[in-house]
Each structure stands twice: as C-alpha cells, then as structure tokens.
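Participant: Provide a 3D model corresponding to the input given below.
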Amino acid sequence: MKKTIFTAFAVIAMVTANAQQIVDARTMTDSDTDTRSKFILGAKLGINYSNVYDSEGQDFVADPKLGLVAGGFVTIPLGKLFAIQPEVLYSQKGFKGEGTLLGSPYSFKRTTDYLDVPLFLAFRPVEYLSIVAGPQFSYLMKEKNEFTSATFNQSQEDAFNNDNIRKNTMAFIGGVDINLDKIVIGARAGWDLKENKGDGTSDTPRYKNYWYQLTLGYKF
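Facilitator: Prediction:
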C-alpha cells in the first residue's frame, strides 16, 4: 500500500514538473514573439492601385493605375491593445483613360507623386493582427501627364508652381497589418477629403484621389 502511494506521488510530481516546463517554455515563446508592448521601427515597400472621382461631373470617367509606395513607420505602444503608428511614405497615385479625338483614338495617363504622412491609431486584439485607421496629410510634389495618339505623343512633367493647384490635402485611411515575426503585410484603403482645386477660383481640377494599397514591411 505504501509502495503504491509513493509511486502515485512520484508520478504526480513528474507530471507536474513536465507541465510546468511546458508552461514556462510557452511563456518564453509568447514573450519573444509578442512585440505589442515594444517600440518598433520599420520600412515598407509596395504598390498603390489608384483612381480619381468627381462628385459633380457625372460624365467624368477614369481608369485606375498602379503606382509605387515606399517609406517607413514607427509603432509607439499604448499598452498591448493600442498603439500610435505614424508613417512617412513616397506615394504614386493618379489615373488613366482613353477616348477619341477628331476621329482618332488617344490614351491619357496622369501620375501624381505625393509625400504622404498618415497618423494611425492601431487596435491589436492579438499579436499577429493590427487594425489601423486615421487621418493622412498629403503634399503633392510632382505631376506627370502623358498623352498618346495616332498622330503625336506628348509628355509633360510639372513641379507645380501653379498656386491654383491644391498641393496640401487631407485624407482618411483604414486597413490592417498582418504581423509575422519581423515581416508585416499591410493592406490599406484611402480617399481624399478635399478636392484638388487649389484656392477655389477655378472649377478644375476638382477631383479627389482614392486608392488601395498593399505593402510588405520589415521590423528592425
């Protein structure tokens, strides 16, 4: 009887010790991989799928185009669940279209280069997922227009000395980040809150940008 009781206690002690080792290992692993409480600096690279819309011009039709986006981000934790995440991005937007002029087909493409500075509030319910949303300040640095027809091609690049073009705009952005250790896969959707018509003395250009963004980031 005593031998049986001793054996039972020995088995319980061994199981308890093994269980404690497993818990300790999982705790260490979770602590190593869960970076929600850490200050993070990173870089990202990806693409924009952008277009424009004109709420006043019902006949205005444009096709989306692809553009480059690249920059960096900082994650400032506010505990585990929330964080502030500012970013600084070089971002290409624009649109393209085609039509017929004097019986001849043509194509048109506009590429706008922006310096985008979004300021996100991030909600992080689990370590691998961040839901982000917030305002974005955008500064228009350059615009390139390409016009191609059967008779001639024209390319014009402007640095925007024209004061009637609104170079400073505000937008709203929302999206998610998937955090895989040091790799971050980001998806965003954004749209301008103001039309791009400068001081308001002209009716054109009055379009607003909207875009979808996909990026691959790295945490340093």
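
Participant: any weak-confidence spans in the chain?
Facilitator: Residues of the chain that meet the criterion pLDDT under 70 lie in 1-33, 55-60, 100-102, 150-165, 196-206.

Participant: F137 in helix, strand or coil?
Facilitator: Reduced to three states with DSSP: H, G, I helix; E, B strand; the rest coil, the structure at F137 is strand.

Participant: so which residues of the chain form strands?
Facilitator: For the chain, the strands defined by DSSP state E cover 40-53, 65-78, 82-101, 104-126, 129-149, 153-158, 168-180, 183-192, 208-219.

Participant: distance to D34 and mean neighbour count for those - can I get that in JSON lines?
Facilitator: In this view, the C-beta of every residue, glycine as well, is placed from N, C-alpha and C. Formatted as JSON lines, the strands of the chain follow (distance: least, CB to CB, whole Å; neighbours: other CB atoms under 10 Å):
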{"stretch": "strand 40-53", "distance to D34": "12", "mean neighbour count": "18"}
{"stretch": "strand 65-78", "distance to D34": "11", "mean neighbour count": "17"}
{"stretch": "strand 82-101", "distance to D34": "13", "mean neighbour count": "18"}
{"stretch": "strand 104-126", "distance to D34": "9", "mean neighbour count": "18"}
{"stretch": "strand 129-149", "distance to D34": "12", "mean neighbour count": "17"}
{"stretch": "strand 153-158", "distance to D34": "47", "mean neighbour count": "10"}
{"stretch": "strand 168-180", "distance to D34": "10", "mean neighbour count": "16"}
{"stretch": "strand 183-192", "distance to D34": "15", "mean neighbour count": "18"}
{"stretch": "strand 208-219", "distance to D34": "13", "mean neighbour count": "19"}
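
Participant: I'd say P118 and P135 touch.
Facilitator: Yes. Because the distance of 7.3 Å satisfies CB atoms under 8 Å, P118 is recorded as touching P135.

Participant: shared neighbours, these two?
Facilitator: I173 (CB atoms under 8 Å, 6 or more residues apart in numbering).

Participant: who does I183 bridge with?
Facilitator: Following DSSP bridges, I183 is listed with bridge partners L180, Y218.

Participant: and for A189?
Facilitator: G174, Y212.

Participant: and it, how far is that from A62?
Facilitator: Distance check for A189 against A62: by CB to CB, to the nearest Å, it reads 18 Å.

Participant: ok, S149 next?
Facilitator: For S149, the distance to A62 equals 18 Å [CB to CB].

Participant: could the C-alpha coordinates of stretch 105-121 be exported in PDB?
Facilitator: Output in PDB follows, covering the C-alpha atoms of stretch 105-121 (Å, rounded to 0.1, in the frame of the first residue of the first chain):
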ATOM      1  CA  PRO A 105      -8.100  57.200 -80.700                       C
ATOM      2  CA  TYR A 106      -5.900  58.500 -77.800                       C
ATOM      3  CA  SER A 107      -4.800  57.500 -74.300                       C
ATOM      4  CA  PHE A 108      -4.000  59.700 -71.300                       C
ATOM      5  CA  LYS A 109      -2.200  58.900 -68.100                       C
ATOM      6  CA  ARG A 110      -1.600  61.100 -65.100                       C
ATOM      7  CA  THR A 111       0.900  60.200 -62.400                       C
ATOM      8  CA  THR A 112       1.000  62.300 -59.200                       C
ATOM      9  CA  ASP A 113       3.900  62.000 -56.700                       C
ATOM     10  CA  TYR A 114       2.900  62.600 -53.100                       C
ATOM     11  CA  LEU A 115       4.600  62.700 -49.700                       C
ATOM     12  CA  ASP A 116       2.000  61.000 -47.500                       C
ATOM     13  CA  VAL A 117       2.100  61.200 -43.700                       C
ATOM     14  CA  PRO A 118      -0.600  59.000 -42.100                       C
ATOM     15  CA  LEU A 119      -1.200  59.000 -38.400                       C
ATOM     16  CA  PHE A 120      -2.900  55.800 -37.300                       C
ATOM     17  CA  LEU A 121      -4.500  54.600 -34.200                       C
END
